[in-house]
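[1] have a look; sequence and predicted model below, questions after that.
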Amino acid sequence: MEFYFAIWLFALSTTITPGPNNIMIMASGVNFGVKQSIPHLLGVCFGFPPMIIVLGLGFNTILSTYPIIHEAVKMIGVLYLFYLAWLIAKSSPSSLDKTIAKPITFIKAALFQWLNPKAWVMAIGAISVYTSASSNFLMQILYIALVFLIAAFPCQCIWLLFGTKLKKYLKSDKHQQIFNKSMAALLVVSILPVLSSLVSVTTT
């Protein structure tokens, strides 16, 4: 019983706290509104649980045996997040031509989880802490994936709605551009710890 309660607390606390997914969905809410951001939201919600299952069913063993693979994936993820931050910073205000900056699609949001450093930490942390060899391991992994799937919806919706509420106060193009640049800066700040760990690994 304690296991079930603990994993729910872990999933909710890690999913609701600021990170690349939440910052990006909030920025999408400001720039494109709820309707156009739904595919992005669904991609995040449905993209993370398969990652937990794949890691839990063996990929984690490969990463433990060949840690260079994990570091390479993290480096690719950091570079991609810098690219996304640049895209957000230069995004046109919603009153301008939206062919320049479009909402993230379901597929891109789902695949992005594999490049999201916070997602790796959450998945590996959940698997390592909240599974036990004395119980059915497969069922534990599936349960953890299900918990994160359910927890993702309210957490992502909160950030998306927060973004749409902010839109009311960002009526001018100048204010919206300031917001986009601020979100880009927050996204960069969110990946600095990962970048720092990568630098420490390469220098040791």
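    Yes, it's here. Numbers count the residues shown, from 1 in each chain.

[2] ranges for the strands of the protein?
    Counting by DSSP state E, no segments of the chain form strands.

[3] so which residues of it form helices?
    For the chain, the helices defined by DSSP state H cover 2-16, 20-54, 60-65, 67-89, 106-112, 117-129, 137-167, 173-203.

[4] next one, pLDDT for the nearest residue to P49 once chain neighbours are set aside please.
    Closest residue in space to P49, ignoring its immediate chain neighbours: A145 at 3.8 Å, by C-beta to C-beta, 6 or more residues apart in numbering. Yep, even glycine has a C-beta here, placed from its N, CA and C like the rest. On the pLDDT scale, A145 is placed at 96.

[5] separation between K174 and A123?
    Computed as C-beta to C-beta, to the nearest Å, the K174 to A123 distance reads 40 Å.

[6] so what's L41 up against?
    Contact analysis of L41 by C-beta atoms under 8 Å, 6 or more residues apart in numbering lists I25, A109, Q156, C157, L160.

[7] which of those count as buried?
    Among the contacts of L41, those buried by neighbour count (16 or more other C-beta atoms under 10 Å) are I25, A109, Q156, L160.

[8] my guess is the last one meets A27, correct?
    The one in question is L160. No: assessed by C-beta atoms under 8 Å, L160 is found out of contact with A27, at 10.0 Å.

[9] pick out the most distant pair among the buried ones among the contacts of L41.
    Greatest spacing in the buried ones among the contacts of L41, by C-beta to C-beta: A109 and L160 (12.0 Å).

[10] picking that back up, assess the claim that the residue nearest to P49 and F46 are in contact.
    No: at 10.5 Å, A145 does not count as touching F46 under the criterion of C-beta under 8 Å.

[11] in terms of packing, which of these two has more residues around it?
    Neighbours per residue, other C-beta atoms under 10 Å: of A145 and F46, the larger number sits with A145, 22 against 16.

[12] from F106, how far off is that one?
    As judged by C-beta to C-beta, A145 and F106 stand 18 Å apart.

[13] residue contacts, the residue lying closest to A110 once chain neighbours are set aside?
    Distances taken as C-beta to C-beta, 6+ apart put G47 closest to A110, at 3.0 Å, once the chain neighbours are dropped. Contact analysis of G47 by C-beta under 8 Å, 6+ apart lists A109, A110, L111, F112, Q113.
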